[in-house]
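[1] Provided below for reference: sequence and predicted model.
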Amino acid sequence: MKINNIEFSLKQLFFLIIYKVFLVWMPSSATPFIGPFFRKLRYYCCKNIFYKCGKNVNIERGADFGSGVRLVIGDNSGLGINCTVPGNIIIGDNVMMGPECYILSINHSFDNIDVPMIEQGSTIQADTIIEDDVWIGRQVIFTPGRIVKKGSIIAAGCVLSKNFPEYSIIGGNPSSLIRSRK
């Protein structure tokens, strides 16, 4: 079945509806007593939606991943509370994502000054790759096409506008290298 040029199996569509209508609103995994139960339900549901979903993945309350059918997420990784990620993202193993992160995959076109920007459409979709052992702080914004290298830390509130080497500590707006972890 195709919806907006995205191919779904009936099983994926069923679990996507369950997630978007019900589970997205349930308490976070840190909520005493009931949190772990809803964490397991969200994991089970997303395991049946995502292209690949590793072991011990935590999809938090309010996480929005579009259709998610091309999303890959590795072992021990998670999507933070109220984060928004595109459905074409690759997240490695052991990735921590803080709340309210926003990862973009497209942008507005603006090259032709003779045509209003609103009429120029969008850029080509760019994939985001987050490698293994990455810590993403609260409210980080990714511009399209970022590659976050292994072992990096992205400080809270950062606007990630370029790529950096492995084991970087990155912060600011626009993003800059604070120091290397090596």
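    Cool, the structure landed.
[2] Would you mind giving the secondary structure of the closest residue to residue 66 other than its chain neighbours?
    Excluding its sequence neighbours, the residue lying closest to residue 66 (CB to CB, 6 or more residues apart in numbering) is residue 87, at 3.7 Å. From N, CA and C alone the C-beta is placed, and that goes for glycine too. Under DSSP: H, G, I helix; E, B strand; the rest coil, residue 87 falls in the coil class.
[3] what's the burial count for residue 87?
    For residue 87, the count of nearby residues is 18 (other CB atoms under 10 Å).
[4] my read: it touches residue 73, true?
    No - under the criterion of CB atoms under 8 Å, residue 87 is not in contact with residue 73, lying 11.5 Å apart.
[5] measure the residue nearest to residue 66 to residue 103 for me?
    11 Å (CB to CB, to the nearest Å).
[6] And the spatially most distant residue from the centre of the chain, its phi and psi?
    Most distant residue from the mean C-alpha position of the chain: residue 114, 34.9 Å away (CA atoms, centre = their mean). Dihedral pair for residue 114: phi -90, psi -10, per degrees, to the nearest 10.
[7] State the distance from it to residue 20.
    Taking CB to CB, one finds residue 114 at 40 Å from residue 20.
[8] cool, and residue 90?
    The value you get for residue 90 to residue 20, if CB to CB is used, is 22 Å.
[9] Give me the pLDDT value at the most centrally placed residue in the chain.
    The residue lying closest to the centre of the chain (CA atoms, centre = their mean) is residue 85, at 3.3 Å. pLDDT for residue 85: 96.
[10] That one contacts residue 103, correct?
    Yes - counting by CB under 8 Å, residue 85 does reach residue 103; the two are 4.6 Å apart.
[11] what sits in contact with each of those two?
    Listed contacts common to residue 85 and residue 103 are residue 128; contacts here mean CB atoms under 8 Å, 6 or more residues apart in numbering.
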